[in-house]
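Participant: Sequence plus predicted model, see below.
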Amino acid sequence: VMDKAIEHIDLAIEIENSGNVDDVKNYWVTKLGWISDEEAIKFLDEQIKNDCDPDYYIPEYLSEKITILKRLGKNEESKKIQKDLDKLRKSIKEKEEMEE
């Protein structure tokens, strides 16, 4: 069983490093299910920092981070991020309206 687990972990690492993940959302949502809440927050922070299209995934990353923080009982931090998320969504909506 341990050898099979190692084989699957090696394959997951290979796929992750290959850059051939077609469904980005499926990738990060799945990854969050595999790691601890603390690691998930670090992962989301890294995704937010490196996202080249802030209007697309960042609101989803922030929303997921809020959910995790609430689960951990970090309500004050989640409220602060919720305010940032609300501002970002408003900005995105305004940008979309201007483009129309």
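Facilitator: Great, that's in hand.

Participant: Any stretches of this protein with poor pLDDT?
Facilitator: Residue ranges of the chain with pLDDT under 70: 15-25, 54.

Participant: Mind jotting down where the helices sit in this protein?
Facilitator: Using DSSP state H, the helices of the chain run over 2-18, 24-34, 37-50, 58-71, 75-99.

Participant: Now tabulate those in JSON lines and tack on mean neighbour count.
Facilitator: Glycine gets a C-beta too; all of them are placed from N, C-alpha and C. JSON lines is the format used below for those (neighbours: other Cβ atoms under 10 Å):
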{"stretch": "helix 2-18", "mean neighbour count": "10"}
{"stretch": "helix 24-34", "mean neighbour count": "13"}
{"stretch": "helix 37-50", "mean neighbour count": "14"}
{"stretch": "helix 58-71", "mean neighbour count": "17"}
{"stretch": "helix 75-99", "mean neighbour count": "12"}
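
Participant: give the contact list for residue 39.
Facilitator: Contacts for residue 39 (Cβ atoms under 8 Å, 6 or more residues apart in numbering) come out as none.

Participant: I meant to write residue 59 there.
Facilitator: Contacts of residue 59 (Cβ under 8 Å, 6+ apart): 85, 88-89, 92.

Participant: try residue 85
Facilitator: By Cβ under 8 Å, 6+ apart, the contact set of residue 85 is 59, 62-63, 66.

Participant: Tabulate those residues (TSV), appending distance to residue 13.
Facilitator: Output for those, formatted as TSV (distance: Cβ to Cβ, whole Å):
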residue	distance to residue 13
59	29
62	27
63	27
66	29
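
Participant: What is the nearest of these to residue 48?
Facilitator: When those are ranked by distance to residue 48 (Cβ to Cβ), residue 62 comes first, at 7.1 Å.
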